[in-house]
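A.B. asks: sequence and predicted structure below; questions after.
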Amino acid sequence: MTTEIKVPQLPESVSDATLVAWHKKPGDPVRRDENLADLETDKVVLEVPSPADGVLRELKVAGGTVVNSGQVLALIEEGALQSAAPAEAVPAAAAEPAGKASGAAAAAAKVAAGAEKDKEKLSPSVRRLVEENRIDPGAIPASGRDGRLTKSDVVGFLGKQQPAVPAPAAAAVGRVEQRVPMTRLRQRIAQRMVEAQSTQALLTSFNEVDLTAVQQLRARHKDRFEKEHGVKLGFMSFFVKACIEALKKYPVINASVDGTDIVYHEFYDIGVAVSTDRGLVVPIVRDADAKGFAAIEKEIGEYAKKARAGSIALEDLTGGTFTITNGGVFGSLMSTPIVNAPQSAILGMHKIQDRPMVVDGQIAIRPMMYIAITYDHRIIDGREAVQFLVSVKECLEDPGRMLLGI
């Protein structure tokens, strides 16, 4: 029985998607729920699963094509899995005696199974690079968490595999150009950044925070915290909680502009920017004021894993009243983040750096961080933005304030 493979129902706010790459070709056997292709929207990557076991008979849409919900992408022949055999296996079997042939076939099958298993662990962007360049992911040294392969690992490996350029052409190597289309996510990021700059009156203010108290608190309780909650006590939960306390004091920072109205949000859905191979995404920790440190750390960790694997859902990225971004993980000492519209403000964290500070009239080395708030000056005055930063600073320099609500 022939079955149509269609574009899954796209999220309500997404009109179309781009078929990034096929993971199977006509004649290949497929298993139920196996991912056949990746669809990229301007926010997330969606997978196209096979509805049944069978053989892929025909591709109706080529890679790079823009598609819509319900559009037919391919046809599979259900129940034909047993009759499908790799064409490459026939010559090998014919050239060897029966015993050797069966052994070789078994070995080949084992290698193929291992390769497929390795590919399942890859993010969509990494898997696409591996398949387009026909390389074995197992041959590339992995630097990612839990031994996972990153996009930079693959790019670096490909760079080492490039053939040497003959001497007469060596001078031209540095002037090579490569034109590649933006991904849907990168296009969306570019659009939102331009919109924010052109529709909001953006201004940035700075302050600095002494993180001695936070570091001491983490050092005292991190082992017990992890044992009790199954998650590490990071810095981000402290910043989320500090920002919520400051937002409660200065509610206009948590507001947004709608035409000629100011909408004051009496809830705290905090966006936490996560960097991925495809670009920056901002998953939302909803009702963060009602969650403890452990719940916030767990949620941020889960979102980060999903985002980097390309499996985060659109609803995880929708909404938000205020955003926190951490450029410090890349070594940034100071920056001016751009507001995630329609929000009105964003807090930028930066690198923790030991610096000499005057403490009680004495010079002391303290772990310092510059923090920045970029805000929409149409509704937020400089006084409120500066006082918000001071409140965040006070909460972090005396974490007990967050527990006491003062």
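C.D. replies: The structure has been received and is ready for your questions. Numbers count the residues shown, from 1 in each chain.

A.B. asks: can we go C-alpha only for contacts and neighbour counts from here?
C.D. replies: OK.

A.B. asks: how about stretch 31-38: buried residues?
C.D. replies: By 16 or more other CA atoms under 10 Å, the buried positions in stretch 31-38 come out as R31, E34, N35, L36, A37, D38.

A.B. asks: spatially nearest residue to V61 (excluding sequence neighbours)?
C.D. replies: Closest residue in space to V61, ignoring its immediate chain neighbours: L73 at 5.4 Å, by CA to CA, 6 or more residues apart in numbering.

A.B. asks: looking at the protein, which strand is longest?
C.D. replies: Ranked by residue count and defined by DSSP state E, the top strand of the chain is strand 362-376.

A.B. asks: chain center to that one, what's the gap?
C.D. replies: In terms of CA atoms, centre = their mean, to the nearest Å, the centre of strand 362-376 is found 27 Å from the chain centre.

A.B. asks: please apply the same query to stretch 242-253.
C.D. replies: Distance, centroid of stretch 242-253 to centroid of chain: 27 Å (CA atoms, centre = their mean).

A.B. asks: for it, buried residues please.
C.D. replies: A242, C243, I244, E245, A246, L247, K248, Y250, P251, V252, I253.

A.B. asks: pLDDT below threshold where in the protein?
C.D. replies: In the predicted model, the chain carries pLDDT under 70 at residues 11-13, 43, 80-121, 124-125, 132, 145-146, 151-152, 155-156, 158-173, 404-406.

A.B. asks: per-domain residue ranges of this structure.
C.D. replies: 1-84, 202-404 (automatic domain parsing).

A.B. asks: re earlier: sort out for me which of the buried residues of stretch 242-253 are in helices.
C.D. replies: When these are checked against helices (DSSP state H), the matches are A242, C243, I244, E245, A246, L247, K248.

A.B. asks: buried stuff in the host helix or strand of V392?
C.D. replies: V392 belongs to helix 382-397 when elements are defined using DSSP states H and E. Neighbour counts over helix 382-397 (16+ other CA under 10 Å) mark 384-386, 388-397 as buried.

A.B. asks: and what of stretch 260-278?
C.D. replies: Neighbour-count burial for stretch 260-278 flags F267, Y268, D269, I270, G271, V272, A273, V274, S275, T276, D277, R278 (criterion: 16+ other CA under 10 Å).

A.B. asks: shouldn't the fourth one be in contact with A242?
C.D. replies: Going back to what we said before, that points to I270. No. Using CA atoms under 8 Å, I270 is not in contact with A242, being 11.6 Å away.

A.B. asks: which residues are in contact with both of those two?
C.D. replies: Here I270 and A242 share no contacting residue, scored by CA atoms under 8 Å, 6 or more residues apart in numbering.

A.B. asks: picking that back up, can you list the domains of the chain in a markdown table and add distance to G144?
C.D. replies: Shown next, in a markdown table, are the domains of the chain (distance: least, CA to CA, whole Å):
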| stretch | distance to G144 |
| --- | --- |
| domain 1-84 | 20 |
| domain 202-404 | 11 |
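
A.B. asks: the ones you listed: which one's closest to V126?
C.D. replies: With CA to CA as the measure, domain 202-404 is the member of those nearest V126 (8.5 Å).

A.B. asks: who's in contact with the residue nearest to V61?
C.D. replies: When the contact criterion is CA under 8 Å, 6+ apart, the partners of L73 are E4, I5, K6, V7, L59, K60, V61.
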